[in-house]
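Visitor: fold the following and give me the result.
(chains A, B, C and D)
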There are 2 protein chains.
Amino acid sequence: MANEGKATIYDVAKLAGVSHQTVSRVMNDNGSIRPETRARVEAAAKELNYRPSMAARALVTNRNSILGFLVADSVLYGPAGMLNAMEKQARLANYYALTVAIDNDSPESWAEGIEHLRRIGIEGLVCIAIKKEALQLAAKSYFNIPIVAIDTEEVEGATTIGIDNHKGAVSATTHLIELGHKNILHISGPKDSIEAQARLQGYKETMAEHNLQPMVLQGDWSSATGFRLGVSLDLEKTKVTAIFSANDQMAMGLFKAMRLKGVSIPERLSVIGFDDVPEAPYFSPPITTMLQDFNRLGEAAMELLIFKLAGLKPSKYQALKPQLVLRESTAAPHNG
Amino acid sequence: MANEGKATIYDVAKLAGVSHQTVSRVMNDNGSIRPETRARVEAAAKELNYRPSMAARALVTNRNSILGFLVADSVLYGPAGMLNAMEKQARLANYYALTVAIDNDSPESWAEGIEHLRRIGIEGLVCIAIKKEALQLAAKSYFNIPIVAIDTEEVEGATTIGIDNHKGAVSATTHLIELGHKNILHISGPKDSIEAQARLQGYKETMAEHNLQPMVLQGDWSSATGFRLGVSLDLEKTKVTAIFSANDQMAMGLFKAMRLKGVSIPERLSVIGFDDVPEAPYFSPPITTMLQDFNRLGEAAMELLIFKLAGLKPSKYQALKPQLVLRESTAAPHNG
DNA sequence: GCCGGTGATGTTATCGCTAACATAAGTACA
DNA sequence: TGTACTTATGTTAGCGATAACATCACCGGC
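Guide: Residues are numbered from 1 along each chain as shown, chains lettered A, B, ... in the order given. Got it, this is the predicted structure:
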């Protein structure tokens, strides 16, 4: 414990009575070593509390075992959950997770974050919830390392992975239609979000399939906007009886607006959300929503990246389908 | 753009017509350099798209500019927000944020996470929301680098920083008392959380000061437990008219239980939470709570760490006091 | 009994930097 | 006008690993 972290490969070699190269071979488990020698080296390493210098290793191998995580909105439930899952997964494969948080709305922030990662040099990159343009910039700067992007548009130089937002939106919309609703409004996510667009598309197609007229209000993921849209929405005039909100946050804002207007959910208005945030069961009423398994998604993304790092061609990725979670915010329309 | 990231200090030196050491001096801004020489070197570096090798630098300086973040529950709003703020702050000072997520309930997971950080070698460590025992283990393993811990018990070898949970609890309790409540219940956080204990203490002291009888139910931060406790609580028998919940999550569960029992908030029961999660304004009713500024806290913690890294004695840290956010879940008791 | 092959180990060079010392050209002062 | 500093730069050594090549037993087959 005394000379904490100071022993080098030479110290170990000396104590074990072998050459430093033999120690290196034992540590990296390559080349052939007599079992007895290996034992001696391992004992010496343990006694000296030896840990190889990552810096020295990185210098000579040109690989540092660090993966970069470029993330926007890391405070949100989804990205935070994925980061968590991915770090654990990366660690299992002996990789380090270096996170850089950027601001989706500031191109300057993209460049800064990417430059930061370039400086330290990373072996692979994961981009989470970042804008297409930011991803493109990253891909251009990093064209020689594997990149996995989660929930983004396809971009040259990066492999994209995500949940099947389209199918999720179809399920959500179908649920409302099957309950008997005809005037179904969609509150969408921001225009520059690929997930938002996929959900919008799924909604529109499902409506069209049932010969129903789509109605869309543009949102931005935030509860505040959900609230604002809810306040200004005229249910009488539009005859809306159900709303598909592109995420749970906006649905929360919507709920509040409806409470204020005295519109009861689900009797007068059905609402379905998307994500299944932890708070969802505790809304008033508990919200029916589409569950996304961020944990699995994070794990899948990391597996994919590690595959690519190993130089293997990953098998085609099977997009995860969100699951309908039935709670109490949807019901049949009040007057058929 | 072609030989991406491959230029070395020697290439730059050659192009600029100087020695590699001069390049080093320009890059590190030390020693004296003729302005004209500096300009030539900088131009050469730019032309070659030169970035110093962190590995080589780390090898020789024995410092790698990496800070470790040991975090539990990184998915929760608080820790996630702090991580975000701290990474940005660290980046400003040219440090890298390497995150390791551990499981507070598994000592094995602590050891694993800490060993991971030890392997890569870090310059400083931030511990967020981790258990006392885990922090002690970390402090023991890292006694030669600065450690800053957020929201933990004081531990030898680490500097602790946090918000003033005690004062926050006093404010929350006082708010209820000033409204006229006498039978005030506290739903606490887990026993092994220092924050929970400080809040509990603040509650008890305030009650005692006003000659009121404290009542405590043991919680664990989760909405599910808040719900369970709310269901089993007999308001008639206990005469409880107000509840101070140690966090907003549990309050959410409580709200749901009360809705089910037909107890209206705040008419029949006042509830105050703690944290001010983003969803708080959208609860039904919007919840009165104690705001914690996680952003500021994260920044303060990082400033502290950077101070210590520079070898300076940081000035005494001024704990941030949570702010009362008045919303609609508290009111005067129904019958005076 | 000589030869090529394999298994186990040692030796040397090298990765790209910074530290420490060396050098050369001014600059100030006696 | 030489000594003593400062300023600006160059030269050499070494950080702690891995890679590549060298060495030396020992083994089996002819």
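Visitor: contacts for the host helix or strand of A:Ala101?
Guide: If you go by DSSP states H and E, A:Ala101 is part of strand A:96-102. For strand A:96-102, contacts defined as C-beta atoms under 8 Å, 6 or more residues apart in numbering or on different chains pick out A:65-72, A:74, A:83, A:86-87, A:90-91, A:109-110, A:112-113, A:116-117, A:120, A:122, A:130, A:134, B:66, B:83-84, B:87-88, B:91, B:96-100, B:116, B:120. In short, each C-beta sits where N, CA and C put it, glycine included.
Visitor: tell me where the stretch 1-150 of chain A has helices.
Guide: Here the stretch 1-150 of chain A has its helices, by DSSP state H, counting those that start in this stretch, at A:9-16, A:20-28, A:35-48, A:54-61, A:77-92, A:107-120, A:132-141.
Visitor: nearest to B:Arg40, out of the ones you listed?
Guide: Among those, helix A:107-120 comes nearest to B:Arg40, with 22.4 Å by C-beta to C-beta.
Visitor: list the contacts of A:Gln89.
Guide: Listed by C-beta under 8 Å, 6+ apart, the contact set of A:Gln89 reads A:298-299, A:302-303, A:306.
Visitor: between those, which is nearest chain B?
Guide: Nearest to chain B among the contacts of A:Gln89: A:Gly298, at 10.8 Å, using C-beta to the nearest C-beta.
Visitor: any idea which element that closest one lies in?
Guide: Here A:Gly298 sits within helix A:294-309, counting by DSSP H and E.
Visitor: what angle do that helix and strand A:96-102 make?
Guide: With axes from the mean of the first three to the mean of the last three C-alpha atoms, to 10 degrees applied, the angle from helix A:294-309 to strand A:96-102 works out at 110 degrees.
Visitor: secondary structure class for A:Thr182?
Guide: Rather than Thr, residue A:182 is Lys. Under DSSP: H, G, I helix; E, B strand; the rest coil, A:Lys182 falls in the coil class.
Visitor: that one and A:Thr241 touch, don't they?
Guide: Yes - between A:Lys182 and A:Thr241 there is a contact at 7.4 Å, judged by C-beta atoms under 8 Å.
Visitor: give me the common contacts of those two.
Guide: With C-beta under 8 Å, 6+ apart, A:Lys182 and A:Thr241 have common neighbours A:Pro333.
Visitor: who has more neighbours out of the two?
Guide: Neighbours were counted for A:Lys182 and for A:Thr241 using other C-beta atoms under 10 Å in any protein chain shown; A:Thr241 has more, 23 against 17.
Visitor: how many residues are close by the nearest residue to that one once chain neighbours are set aside?
Guide: Nearest in space to A:Thr241, with sequence neighbours left out and distances taken as C-beta to C-beta, 6 or more residues apart in numbering or on different chains, is A:Pro333 at 4.4 Å. Neighbour count for A:Pro333, taken as other C-beta under 10 Å: 18.
Visitor: how about A:Tyr317?
Guide: A total of 15 residues lie near A:Tyr317 under the criterion other C-beta under 10 Å.
Visitor: mind pulling up the pLDDT for it?
Guide: Turning to A:Tyr317, the model gives it a pLDDT of 74.
Visitor: next up, phi/psi of it, please.
Guide: Dihedral angles of A:Tyr317 (phi, psi; degrees, to the nearest 10) stand at phi -80, psi 130.
Visitor: what does chain A have sitting close to DNA strand D?
Guide: Proximity of chain A to DNA strand D, by C-beta under 7 Å from any atom of the strand, involves residues A:6, A:8-10, A:20-21, A:24, A:27-28, A:30, A:50-53, A:56-57, A:59-61.
Visitor: for ChimeraX, what selects the buried ones among these?
Guide: Buried members of the residues of chain A next to DNA strand D, defined by 16 or more other C-beta atoms under 10 Å in any protein chain shown, are picked up in ChimeraX with:
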select /A:9,24,27,50,51,52,53,56,57,59
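Visitor: I'd like the next helix or strand past the helix holding A:Gly298.
Guide: For helix A:294-309, the following helix or strand on the C-terminal side (DSSP H and E) is strand A:323-325.
Visitor: adjacent strands (with direction) for that following strand?
Guide: strand A:289-291 (antiparallel) (DSSP bridges).
Visitor: how many other residues sit next to the residue of the stretch 1-150 of chain A found nearest DNA strand C?
Guide: Relative to DNA strand C, the nearest point of the stretch 1-150 of chain A is A:Ser32 (2.8 Å; C-beta to the nearest atom of the strand). By other C-beta under 10 Å, 6 other residues sit near A:Ser32.
Visitor: distance of it relative to A:Arg40?
Guide: Distance, A:Ser32 to A:Arg40, by C-beta to C-beta, to the nearest Å: 15 Å.
Visitor: next: A:Met290.
Guide: To A:Arg40, A:Met290 is 59 Å away according to C-beta to C-beta.
Visitor: A:Lys167: how many residues sit nearby?
Guide: Residues near A:Lys167, counting by other C-beta under 10 Å: 16.
Visitor: contact partners for it?
Guide: Neighbour list for A:Lys167: A:202, A:319, A:321-322 [criterion: C-beta under 8 Å, 6+ apart].
Visitor: point out where chain A drops to low pLDDT.
Guide: A:1-5, A:335-336 (pLDDT under 70).
Visitor: same thing but 50
Guide: By pLDDT under 50, the weakly predicted segments of chain A are A:1-4, A:336.
Visitor: how about the residues of it near DNA strand C?
Guide: Near DNA strand C, the residues belonging to chain A are A:17-22, A:25, A:31-34, A:36-37, A:56, A:59-60 when assessed by C-beta under 7 Å from any atom of the strand.
Visitor: and which of the residues you listed is nearest B:Pro314?
Guide: Nearest to B:Pro314 among the residues of chain A next to DNA strand C is A:Ala56, at 32.7 Å by C-beta to C-beta.
Visitor: quick check: chain neighbours aside, which residue is closest to that closest one?
Guide: Leaving aside its chain neighbours, A:Ala56 sits nearest to B:Leu59 (5.2 Å; criterion: C-beta to C-beta, 6+ apart).
Visitor: again, but for A:Phe307
Guide: Among residues not flanking A:Phe307 along the chain, A:Pro314 sits closest, at 4.3 Å (C-beta to C-beta, 6+ apart).
Visitor: now that neighbour: phi and psi?
Guide: phi -70, psi 150.
Visitor: wait, it touches A:Ala301, no?
Guide: No - the pair A:Pro314 and A:Ala301 does not pass the contact test of C-beta under 8 Å, sitting 10.8 Å apart.
Visitor: more crowded one of the two?
Guide: Neighbour totals were compared for A:Pro314 and A:Ala301, and A:Ala301 leads with 26 against 16 (other C-beta under 10 Å).
Visitor: shouldn't that one be in contact with A:Ile161?
Guide: Yes - A:Ala301 is in contact with A:Ile161 according to C-beta under 8 Å; the separation is 5.1 Å.
Visitor: how close does A:Ser109 get to chain B?
Guide: 9 Å (C-beta to the nearest C-beta, to the nearest Å).
Visitor: and for A:Asn104, the neighbour number?
Guide: The local packing of A:Asn104 (other C-beta under 10 Å) involves 18 other residues.
Visitor: tell me the contacts of it?
Guide: A:72-73, A:129-131, A:134.
Visitor: cool, A:Ile130 as well?
Guide: Per C-beta under 8 Å, 6+ apart, neighbours of A:Ile130: A:70-72, A:102, A:104, A:110, A:138, A:149, A:152.
Visitor: who's in contact with the closest residue to A:Gly162 other than its chain neighbours?
Guide: For A:Gly162, ignoring the flanking residues on the chain, the nearest one in space by C-beta to C-beta, 6+ apart is A:Asp151 at 4.3 Å. Applying C-beta under 8 Å, 6+ apart to A:Asp151 gives the contacts A:128-129, A:160, A:162-163, A:165, A:194-195.
Visitor: can we see that at 10 Å?
Guide: Residues near A:Asp151 by C-beta atoms under 10 Å, 6 or more residues apart in numbering or on different chains: A:78-79, A:82, A:127-130, A:160-163, A:165, A:193-195, A:198, A:292, A:297, A:301.
Visitor: quick check: which element contains the residue in the stretch 151-300 of chain A positioned nearest to DNA strand C?
Guide: Proximity to DNA strand C, evaluated over the stretch 151-300 of chain A using C-beta to the nearest atom of the strand, is greatest for A:Gly157 at 24.0 Å. Applying DSSP H and E as the criterion places A:Gly157 outside every helix and strand.
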